[in-house]
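**Student:** Would you be able to build a 3D model of this:
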Amino acid sequence: MKLFALSDLHVGYAENRWAIERITPRPSDWLILAGDLGETEQHLLYVLDTLGPRFKQLVWTPGNHELYTMPSERGAPRGQARYERLIELCRSRGVITPEDPYVLWDGEGGPHVLAPMFLLYDYSFRPADVSERDAVAWAIESGVLCSDEELLDPAPHASRPAWCRARLAATEARLAAIEGHSTVLINHFPLREELVRLRHIPRFSIWCGTRRTHDWHTRFRARVVVSGHLHIPRTDWIDGVRFEEVSFGYPRQRPADRTADSCLREILPGPAGAAPLGT
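**Tutor:** Now for the predicted structure:
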């Protein structure tokens, strides 16, 4: 029994749906879906219904796109209410969510506690001389504006950073209560700022995480940290902990022959010989 991960499926694109439908069944293995599966409830259910039968267990955490309220969705739940609706849909398919008790992975490479998280961002991935209040204007100066500013409603919280702070407090308390096991931390957004390497749009960083999670990989005994969002799949090692960015991404960002199967990242037990340089 192995643990795999994939994120940023963006199944609003027909090419991505075609790729997802061709993922090889792995009925003994688990799959982490680390956010941005799509923008609508229908997109979420499509992914769960397509991949659920192919894996023993799915684990989901939301990205920013799942939380969008699209212009066509008049009267649809927004903000916290939308998140709670997505949790209901996942639970109806037997999918583990950030609101469920953490589970102990006892497959290959275990035991480790799997901790899916929903943390958002607080604009703190910015220069020291730019205030939180001015962060969005700073990004716009470079021609960058995230769709979240229009489509991701934080209600009933006053702002997305305020929602992030509430999520951080609740999640931190849950992680601190884990005893006796190392963890696999799962979040859509990267947990550390230096992982956000956006050469062409560097100021997009403000929508990519929070500095408050900088030391969570060591504080909460992570064996692996899983994230997406950046659409730059890669492996990094920090303090002896493996960080996996597991995005599939938009069709234009991939070679035509790159399959969803080839993008599945083995989280546990992990690639043979995987180790940080110098160890």
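**Student:** Give me the three-state assignment for the residue most central in space within the chain.
**Tutor:** Geometric centre of the chain, nearest residue: residue 188, 1.6 Å, by Cα atoms, centre = their mean. Secondary structure assignment for residue 188 (DSSP: H, G, I helix; E, B strand; the rest coil): coil.
**Student:** Apart from its chain neighbours, what residue comes closest to it?
**Tutor:** Leaving aside its sequence neighbours, residue 188 sits nearest to residue 35 (Cβ to Cβ, 6 or more residues apart in numbering; 3.2 Å). From N, CA and C alone the C-beta is placed, and that goes for glycine too.
**Student:** Secondary structure element holding the one you found?
**Tutor:** Following DSSP states H and E, there is no helix or strand that holds residue 35.
**Student:** hang on, it packs against residue 67?
**Tutor:** No: contact criterion Cβ atoms under 8 Å: residue 35 and residue 67 do not qualify, at 9.5 Å.
**Student:** re earlier: number of nearby residues for the residue nearest to residue 188?
**Tutor:** Residues lying near residue 35 (other Cβ atoms under 10 Å) number 27.
**Student:** Surely the residue nearest to the centre of the chain touches residue 33?
**Tutor:** No: counting by Cβ under 8 Å, residue 188 sits too far from residue 33 to count as a contact (9.8 Å).
**Student:** Each with direction, which strands does the helix or strand hosting residue 27 pair with?
**Tutor:** Applying DSSP H and E as the criterion places residue 27 in strand 26-33. Strand 26-33 has the following sheet partners, assigned by DSSP bridges: strand 3-6 (parallel), strand 55-60 (parallel).
**Student:** which of the ones you listed is buried the deepest?
**Tutor:** Neighbour counts (mean count of other Cβ atoms under 10 Å) averaged over each of the strands paired with strand 26-33 peak at strand 3-6, with a mean of 24.
**Student:** Please identify the buried residues of the helix or strand just after that strand?
**Tutor:** Downstream of strand 3-6, the next assigned helix or strand under DSSP H and E is helix 14-20. Buried residues in helix 14-20, counting neighbours by 16 or more other Cβ atoms under 10 Å, are found at 16-17, 19-20.
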